[in-house]
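Student: quick one, fold the following:
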Amino acid sequence: MEYTRLGQSGLKVSRLCLGTMNMGTPQWKPWIFDEAQSEPIVRHALDAGVNFIDLADFYSTGAGEEVVGRILKRATRREEIVVATKVGYDMGSYQNAGGHSRKHIMDGIDGSLKRLDMDYVDIFMLHFFDVNTPVEETMGALNDIVRAGKARYLGVSTMYTWQFAKIMQVCERNGWHKPINMQLQLNLAYREEEREMIPYCKDQGVGVSVFSPLARGFLTSDPTSTRNQTDFFTAQMYGDATTREIAASVARVAARRGVTPAQIAQAWVLNHGGVSSMLVGADSAAQFDSALAALETKLDADELFELERNYTPCDLINDYTAGQRIARESRPAQGAFAETFGKAA
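Tutor: Here you go, the predicted model:
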């Protein structure tokens, strides 16, 4: 396993982070694993050297934190792992059940710690940018949580760059703890964060952790998984012709190498200069091993062009733009892939 510091903080995390959205109860979503199914995956990741675990209170509406918390307590020592959880999405149908008000953030950290059966989390993250709550209220509450010892660091996820800049500015102005981690979506089929967010994070010394490196499975050449058949967000994000062309390019590079498409797609993310850690939401030990192999996979110039040539700009994928897509067209193949696959492309 490789390790890196998150941004300019002193916190060292594994380059692979175990994503746990698929752990909790299938009563929430049909593709979720229960505790018995989840434990072998968690233990396999820990045995491989993973020390970074990503959760959210929203996963299985709290049951995810309970399940993973119990597994971690059995499998490892608290001081050896970096536990991140997120707050923001609704945890019920009552008023103040979600968002980033001071009330919900304070309720959120206490609820997460109780479900995890932990005294603190290492990184407490905003799940999105709450446009209905003053940023001063949100960040003041998070600063108090760090000062109270309930979280060691702060993080954020999935927002516009100008919104993140607002957060950093208000923290600077008030002398509050700043986020050390930005969690964002990045893969060969969605690269919009390369334009502003990733350069901004580099400039500000913020680590970047990436989720959905396989574009919800589309880049594995198997879009027929239970999740993709039952999660309507997948079609909104990746149900276009360009994504299919990108997936075909991934398959070509993989075939030329004699490896799986997943390994190639993950290798592209891990070789990205702006990425600190990549989330792996594995359904099996074998799927996790694909990410381990990707750590050692270096891509040459012809492979990179083949993987990247189909990409064209699209609408940002976030809470405010769901379902909006720009029609996209691919570029022709070149180099080694033009000779072999040019006609098919």
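Student: CA only for contacts and neighbour counts going forward, please
Tutor: Will do.
Student: roughly how far does the residue most central in space within the chain sit from residue 19?
Tutor: By Cα atoms, centre = their mean, the mean C-alpha position of the chain lies nearest to residue 211, the distance being 2.2 Å. Residue 211 sits 8 Å away from residue 19 when distances are taken as Cα to Cα, to the nearest Å.
Student: overlap in contacts, the two.
Tutor: 279, 280 (Cα atoms under 8 Å, 6 or more residues apart in numbering).
Student: list the contacts for the residue nearest to residue 59 when sequence neighbours are not counted?
Tutor: Among residues not flanking residue 59 along the chain, residue 21 sits closest, at 5.6 Å (Cα to Cα, 6 or more residues apart in numbering). For residue 21, the contact set (Cα under 8 Å, 6+ apart) comprises 32, 55, 56, 59, 60, 64, 281.
Student: and the second one, how far from residue 87?
Tutor: Distance of residue 55 to residue 87, given as Cα to Cα: 10 Å.
Student: what's the span of stretch 45-61 from first residue to last?
Tutor: End-to-end distance of stretch 45-61 (Cα to Cα): 24 Å.
Student: average pLDDT for that stretch?
Tutor: What stretch 45-61 shows for mean pLDDT is 97.
Student: which outside residues touch that stretch?
Tutor: 1, 13-21, 23-29, 62, 64-65, 80-91, 108, 112, 279, 285, 288.
Student: buried members of those residues into PyMOL, please.
Tutor: This is the PyMOL syntax for the buried subset of those, where burial follows 16 or more other Cα atoms under 10 Å:
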select buried, resi 13+14+15+16+17+18+19+20+21+23+24+25+29+62+64+65+81+82+83+84+85+86+87+88+89+90+91+108+112+279+288
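Student: strands of the chain, start to end?
Tutor: 3-5, 12-14, 16-19, 52-54, 82-87, 121-126, 151-157, 179-185, 207-211, 277-280 (DSSP state E).
Student: ok, residue 106 - contacts?
Tutor: 141, 145.
Student: go again using 10 Å as the cut-off
Tutor: Residue 106 makes contact with 87, 100, 141, 142, 144, 145 under the criterion Cα atoms under 10 Å, 6 or more residues apart in numbering.
Student: pass me the low-pLDDT residue ranges in the stretch 151-300 of the chain, would you?
Tutor: 222-237 (pLDDT under 70).
Student: let's go with 80 and repeat that
Tutor: Residue ranges of the stretch 151-300 of the chain with pLDDT under 80: 221-239.
Student: related to what we said a few turns ago, make CSV from the strands of the chain and add distance to residue 333 to it.
Tutor: Listed next are the strands of the chain as CSV, based on distance: least, Cα to Cα, whole Å:
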stretch, distance to residue 333
strand 3-5, 35
strand 12-14, 35
strand 16-19, 31
strand 52-54, 37
strand 82-87, 41
strand 121-126, 41
strand 151-157, 35
strand 179-185, 26
strand 207-211, 28
strand 277-280, 28
